[in-house]
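Chemist: I'd like to go over a predicted model; first the sequence, then the structure.
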Amino acid sequence: MVPGHASSRPTPEPRGGGGPALSRRGLLGAAGVAAALSPLALSAGPRGWLPAALADTQSDLASLVNLRFGMFNHFNLGTFTDEEWAAPFQNPARFAPTAVDCGQWADAAAAAGMSYGVLTTKHHDGFALWPTAYGSQNVSHSSWNGDVVQAYCDAFRSRGLRVGLYFSIWDRTHTVEAYGGHVSDSAQEVEPENLALIEGQITELLSNYGAIDMFVTDGYAWQMGQRRVPYQRIRNLVKSLQPHCVMIDHGALSVPWLGDAIYFEEPLGVSAPANNTYAGVQGQTISNGWFWHPSTPSTDPMSKQSILDHLAYLEPLWTSFLLNCPPNRDGKLDTNIVTRLAEVGAAWSPNTSRPALPTQPLRAEWPVTPVAAYATGWHAGEGAMRAIDAYSDRGAEQCWSTWSTTNGTGALALPQSLVIDLGGVWSNVSTLEYLPKQWNRTGGSDGDITAATISVSTDGTTWTQVASPSWAADNKPKLAEWSNRNVGFVKMTVTAASGNYANVNDLRIGGRSVKPTLVSRTVSTGTTYRLVNRNSGLVLDVYYYGTANGTNIQQYTWTGAACQKFAFVDAGDGFMKLKDQNSGKLVEVAGLSRATGGNVGLWADASCYQQHWAITPVGGGYVIMTNRFSGLVMAGTSSSTAAGANVEQAEYDGSTRCQWQLVAV
């Protein structure tokens, strides 16, 4: 929440455990966001930006699967609250182990024949097991003043074991949440200070604890989507700090997507298929939950035979078995778990004759996160923006889809095109990855794209075809590749698909061999414009020369007044702020609205995403302006051509009321 702007940014009510309704800035501690590592400061990274080339992904994945058997340790606030997902806003003093003994955990792992451990450094409630500089939800403010992450790394390495770290991007205390997930539909949007928190804490974890072999994210693909928390920034940061660190996400997919390797979450019913060739990790818990519960010491753990059966099944599938062993409130593993692990270790040894990991699919190693998208057609409620901000999870999936229930045939006739805006022109772009629909599949007729043409552009209007891929109709990620070139926009024209319609769960665009660098932005930040609505011919106007926060934005006859002149200010990540030249304030979507018809108004710069706009050319000298917060575009009200008619947001449907001409003044 920004002080003085409560009407547009309501403070989130505490959920679950009660506590004060704090603003996001208050939660970052006394030093505030300004003293924390900002996104701009992080862009260089403490060790410089990305190396000339990424580490060899194939070799890193081969090393990962050769670890074969590991220990997952869910140890956090939930251990002391008897919750699988601890409620947010709880008193950090509730974390009160008597003696954290990571050496005992590591001894048990070694006795079982395990090769590595993964620690839950922060779960969904936001409590950090290290003394983070961000807020008070961490061990520094708990009843046990130490650094669990450091103790864990030291103990496991001293036993010859490798170390991985789990980190939940979804953080309900620091309100790092995203609207529309299947868990928190009323959650607020991610804002710039949230990215500062995410990037700052990742930097702490990957800078201060030595070599980390795997970095496991959670609450990302199934809560945020890759536009709200830009995957480009997260991946680039991780790889800049630890080039050999394998990224894994708890997305509950059966194919690799948000990360280098795939994570099969067995308790959700996702297991490595019998023909799996992906580098993978399968997670399961040895006891009655991911976290320790009072009944855990008296619960018979997963049987020795079941653990051995898992290892025998997964090892030939190049999938490491990650067995969760939750420490208790003393900070130790219970005797029944330690005993079971020793029994497994006495009976299991790795199969050294297993063939080498098959060659893994090519990926866009250097992604560029898109800012907007539009399409020639779609099913209602499944528009183009879903192709770049899709939730990729077993329980929540969003797609751009050309299936229709209104045209009598069930599908819009192919071809149909989808245009992706990268927020500027980038060098060395060469790769498009396409993720088909993953769940609720109905045989072959479910929108898998089998043929397409890929074209690229630097201005969004002149296109060059660079690829014409043909793909199998299945749920595996697909890739199209072309020679490195400057690209600002990518158009995928679907010419054939199973069922004669297209589903796109997600697209990833970037470079595979060379890191793309920003060449230019879409619009000039040194020019003042009038914005002319294509439908009405009227210009964007601040109501009655208003300067107060909340003043309405309308369309009006051009008079040359300063309240009809706007300049673009670079907001970062390919978005722009739209600054009124009369008041010096910004155009925003008011009231945190994501609804079609939501009002567009004026407000002072509050460093928030409802004030950020993607400027995307759509041909004919016109652009659409997509709001970063809502994913909707700026539009004249309905089809009105009247002076004084309201300006609102709407889903882009190709209509002229959604299109604007930028005229330098």
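Modeler: Received it, and whenever you're ready, just let me know what you need. Remember, predicted model here, so these are calculated numbers, not experimental data. Numbers count the residues shown, from 1 in each chain.
Chemist: all strands of the stretch 351-500 of the chain, in order?
Modeler: 366-367, 372-375, 400-401, 416-435, 449-457, 464-467, 478-497 (DSSP state E, counting those that start in this stretch).
Chemist: out of those, which is closest to residue 358?
Modeler: Smallest distance to residue 358 across those (CB to CB): 16.0 Å, for strand 478-497. All C-beta atoms are positioned from the backbone trio N, CA, C, and that covers glycine.
Chemist: list the strands paired with that closest one, with their directions.
Modeler: strand 416-435 (antiparallel), strand 449-457 (antiparallel) (DSSP bridges).
Chemist: flag every buried residue along the first one.
Modeler: Using 16 or more other CB atoms under 10 Å as the burial criterion, the residues of strand 416-435 that qualify are 416-426, 428-435.
Chemist: using CSV, list the CA coordinates for it.
Modeler: Output of strand 416-435 as CSV, limited to C-alpha atoms (Å, rounded to 0.1, in the frame of the first residue of the first chain):
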residue,chain,number,x,y,z
GLN,A,416,-5.2,-17.8,-36.4
SER,A,417,-2.3,-15.7,-35.3
LEU,A,418,-0.9,-14.7,-31.9
VAL,A,419,1.4,-11.7,-31.6
ILE,A,420,3.8,-11.4,-28.7
ASP,A,421,5.4,-8.0,-27.7
LEU,A,422,8.8,-8.3,-26.0
GLY,A,423,8.6,-4.7,-24.7
GLY,A,424,11.5,-3.5,-26.9
VAL,A,425,13.9,-4.7,-29.6
TRP,A,426,16.3,-7.3,-28.3
SER,A,427,19.4,-8.7,-30.0
ASN,A,428,20.2,-12.4,-30.4
VAL,A,429,16.7,-13.7,-30.2
SER,A,430,16.5,-17.1,-31.8
THR,A,431,14.0,-19.4,-30.0
LEU,A,432,10.3,-19.9,-29.3
GLU,A,433,9.1,-22.5,-26.9
TYR,A,434,5.5,-23.6,-26.9
LEU,A,435,3.8,-25.4,-24.0
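Chemist: from the chain's centre, how far out does it sit?
Modeler: 17 Å (CA atoms, centre = their mean, to the nearest Å).
Chemist: just the last one next, same as before
Modeler: For strand 449-457, the separation from the chain centroid amounts to 25 Å (computed by CA atoms, centre = their mean).
Chemist: contacts made by that strand with the rest, please.
Modeler: By CB atoms under 8 Å, 6 or more residues apart in numbering, the residues outside strand 449-457 that reach it are 429, 432, 434, 436, 463-473, 478, 480, 482, 485, 487-498, 502-504.
Chemist: and it, average pLDDT?
Modeler: Averaged over strand 449-457, pLDDT sits at 98.
Chemist: now the first one
Modeler: Within the predicted structure, the mean pLDDT of strand 416-435 is 97.
Chemist: local confidence estimate at the most centrally placed residue in the chain?
Modeler: Centrality entry for the chain: nearest residue to the mean C-alpha point is residue 226, 3.6 Å, by CA atoms, centre = their mean. We have a pLDDT of 80 for residue 226.
Chemist: between the strands paired with strand 478-497, which gets nearest to residue 562?
Modeler: Checked against CB to CB, the stretch from these lying closest is strand 416-435, at 28.2 Å.
Chemist: and of the strands of the stretch 351-500 of the chain, who's closest to residue 102?
Modeler: Among the strands of the stretch 351-500 of the chain, strand 366-367 sits nearest to residue 102 (CB to CB), with 34.9 Å.
Chemist: can you give me the domain assignment for the chain?
Modeler: Domain assignment of the chain by automatic domain parsing yields the ranges 24-41+68-347, 366-520, 528-664.
Chemist: redo those domains as a markdown table? Include distance to residue 57.
Modeler: Conversion of the domains of the chain to a markdown table gives the following (distance: least, CB to CB, whole Å):
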| stretch | distance to residue 57 |
| --- | --- |
| domain 24-41+68-347 | 6 |
| domain 366-520 | 10 |
| domain 528-664 | 25 |
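Chemist: I'd like to know which of those domains is closest to residue 56.
Modeler: Closest to residue 56 of the domains of the chain is domain 24-41+68-347 (CB to CB; 8.8 Å).
Chemist: for residue 163, what are its contacts?
Modeler: Residue 163 neighbours (CB under 8 Å, 6+ apart): 116-119, 152-153, 156-157, 209-213.
Chemist: now swap in residue 357 and tell me
Modeler: Contacts for residue 357 (CB under 8 Å, 6+ apart) come out as 58, 61-62, 65, 279, 318.
Chemist: the residues you listed in helices, which ones?
Modeler: Judged by DSSP state H, these include 58, 61-62, 65 as members of helices.
Chemist: for those residues, point out the one with the lowest pLDDT.
Modeler: Minimum pLDDT across those falls on residue 58, with 93.
Chemist: quick one: contacts for the residue nearest to the centre of the chain?
Modeler: 258, 369, 388-390, 506, 508.
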